[in-house]
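*Asks:* got a predicted model here, sequence first, then my questions.
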Amino acid sequence: MPADPAPLQDGDLESVAVEPPRDSVFRPDEDQKELRAPETELGGRLPGAFPEGFRLPDGSTVFDFGEVEQEGEGEERPAVEFVNLRLPLGAPAAREWLLREAQAVGWRAELGDTMTFRRDDAWVRITIEPGRTASNAAARFEYPKP
């Protein structure tokens, strides 16, 4: 049978002073803060040919864009682009908002199922459909590609 170890005497162990772990103290001024884009900005990037000065509701989001395929052959037609946006307004409210804001900056409106706005030589055609909830809508904007 092994012998019992001798009891330790004060001073038998070496003491080492250590600093507390770096994350043991809360330092708000050193804390990394999340940076979010303001909600008023557009989510995504509009194509370069999107009509300059045409206002969009704050919080709108780009979810698709491209070139409109032209049907028919024969006469040369100007190229047309589209951008699809999710608007943070129901369809009726989005329609009213776009009409009011576009007219406020000089766009003339032609109303129908599809709204067409004209200012000088520029035009934009907008079709609005209800979104998945009553508080949003999907809008397709078509305009000439330079």
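*Replies:* Yep, it's here. Numbering: from 1, shown residues only.
*Asks:* what ranges of this protein fall below the confidence cut-off?
*Replies:* 1-2, 5-13, 36-40, 72-76 (pLDDT under 70).
*Asks:* 90 instead?
*Replies:* Within the chain, the stretches with pLDDT under 90 are 1-49, 52-53, 59, 66, 68-79, 131-134, 145-146.
*Asks:* what segments of it are strands?
*Replies:* 61-67, 80-87, 108-110, 114-119, 122-130, 137-144 (DSSP state E).
*Asks:* could you dump those to a markdown table with distance to Ala94 and mean neighbour count?
*Replies:* Quick note: C-beta positions are derived from backbone N, CA and C, even for glycine. Shown next, in a markdown table, are the strands of the chain (distance: least, Cβ to Cβ, whole Å; neighbours: other Cβ atoms under 10 Å):
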| stretch | distance to Ala94 | mean neighbour count |
| --- | --- | --- |
| strand 61-67 | 13 | 13 |
| strand 80-87 | 5 | 20 |
| strand 108-110 | 14 | 12 |
| strand 114-119 | 11 | 16 |
| strand 122-130 | 5 | 17 |
| strand 137-144 | 4 | 20 |
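*Asks:* Gly53: which of these is closest?
*Replies:* Gly53 sits nearest to strand 114-119 of all the strands of the chain, at 7.7 Å, using Cβ to Cβ.
*Asks:* partners of the closest one in the sheet?
*Replies:* According to DSSP bridges, strand 114-119 forms sheet pairs with strand 108-110 (antiparallel), strand 122-130 (antiparallel).
*Asks:* picking up where we left off before, the strands of the chain: which one's closest to Leu35?
*Replies:* Judging these by Cβ to Cβ, what sits closest to Leu35 is strand 61-67, at 18.8 Å.
*Asks:* tell me what that closest one is packed against?
*Replies:* strand 80-87 (3 or more Cβ pairs under 8 Å, 6 or more residues apart in numbering; DSSP states H and E).
*Asks:* distance from the strand it packs on to the middle of the chain?
*Replies:* Centroid separation for strand 80-87 versus its chain: 13 Å, with Cα atoms, centre = their mean, to the nearest Å.
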